[in-house]
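A.B. asks: Structure, please.
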Amino acid sequence: MESLAHYPFLVFVLTFVFLSIATIAGASLHKRYPTVTADHKDDLGIILAATLTLLALIIGFSFAMATNRYDERKRLEEAEASATRTEIARAELLQPVEAEKVRKLLREYLDQRILFYDIRDISRRAQIAQRTSQLEGDLWVPIREAAAAQPTPVVALIVAGMNDVLKAQGDAQAAEWNRIPIAAWLLMAAIALCSTVLLGYRARTSMPLALVLPLVVASSFFLIADIDAPRHGLIHVGPENLKSVALGHTQ
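C.D. replies: Model (predicted):
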């Protein structure tokens, strides 16, 4: 379920298919074991209403959770761009040779971070992560040499700025891993199945109309998965701020 949630369109298709089957199964149960009294129908209506209410609440909470994570990824991308822009400016305070080396490495580092947000291929992203890790080590070399040669407050400020850049990268990576828990997805799926079975059992109209609920729930699951998925789907955080820094850095 956790890996499935990375693909919103697949979530939509599977959810609609399984919930539709559950609705048809509920209708079949009604034909085999029909309710015989008005009390049974009233009790079933109360249970169905309570189940649908609980499903709506869980979907609402999950949507809010996904939205908060999406906003966090946007905020961290902006923070990463700001930290990198600041460090580029502070690098000018180094000696010319060291400053040029740091600027060159930061330019390549920015390119890798932009690819981190744009590339969806898993193998390519693994290569990007490896190259980014190498660049982080390379960036510390001139900073460390400058700190050893001139342990001044200005150099200490540059060291702190580089630490902010690397910390921002780590925070952005952690935010990408921070997804809706699998337990929440399983709970939503279980309640949705119960709701559609009950709806199919109690439905008095034609089956095409009874399939409206599976369609609505599948659409809700799709939107939650789409917002929560950092790479796949229609909605994702782009590196606009990082591209702005890279554009200014090349001019």
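A.B. asks: Can you get me the start-to-end distance on stretch 113-124?
C.D. replies: In stretch 113-124, first residue to last residue: 13 Å (CA to CA, to the nearest Å).
A.B. asks: now that stretch, how far from the chain's geometric center?
C.D. replies: Relative to its chain's centre, stretch 113-124 lies at 14 Å (CA atoms, centre = their mean, to the nearest Å).
A.B. asks: what's in contact with it?
C.D. replies: With CB atoms under 8 Å, 6 or more residues apart in numbering as the test, stretch 113-124 has contacts from 77, 80, 84, 125, 128-129, 132, 169, 172, 231-232, 236-239, 242-243, 246. For glycine as for every other residue, the C-beta is placed from the backbone atoms N, C-alpha and C.
A.B. asks: Name only those of the residues you listed that count as buried.
C.D. replies: Buried members of the contacts of stretch 113-124, scored by 16 or more other CB atoms under 10 Å, are 77, 80, 84, 128, 132, 169, 172, 231-232, 236-237, 239, 242-243, 246.
A.B. asks: what's around Tyr33, how many residues?
C.D. replies: Residues contacting Tyr33 under the criterion other CB atoms under 10 Å number 9.
A.B. asks: again with Thr23
C.D. replies: There are 25 residues near Thr23, going by other CB under 10 Å.
A.B. asks: Repeat that for Val217.
C.D. replies: Neighbour tally, Val217, other CB under 10 Å: 24.
A.B. asks: Skipping its backbone neighbours, what lies nearest it in space?
C.D. replies: With sequence-adjacent residues excluded and distances taken as CB to CB, 6 or more residues apart in numbering, Val217 is closest to Ala192, at 5.0 Å.
A.B. asks: can you count the residues close to that neighbour?
C.D. replies: 25.
A.B. asks: quick one, what contacts Gly238?
C.D. replies: By CB under 8 Å, 6+ apart, Gly238 lies in contact with 117-118.
A.B. asks: Got phi/psi on Leu44?
C.D. replies: With angles defined as degrees, to the nearest 10, Leu44 sits at phi -60, psi -40.
A.B. asks: separation between it and Pro230?
C.D. replies: 42 Å (CB to CB, to the nearest Å).
A.B. asks: Pick out whichever of the two has more residues nearby.
C.D. replies: Pro230 (22 against 15).
A.B. asks: Output the below-cut-off pLDDT ranges for the stretch 101-250 of the chain.
C.D. replies: Counting by pLDDT under 70, the stretch 101-250 of the chain contains low-confidence residues at 204-207, 248-250.
A.B. asks: picking up where we left off before, how about the contacts made by the residue nearest to Val217?
C.D. replies: Shown in contact with Ala192 (CB under 8 Å, 6+ apart): 15, 19, 55, 217, 221.
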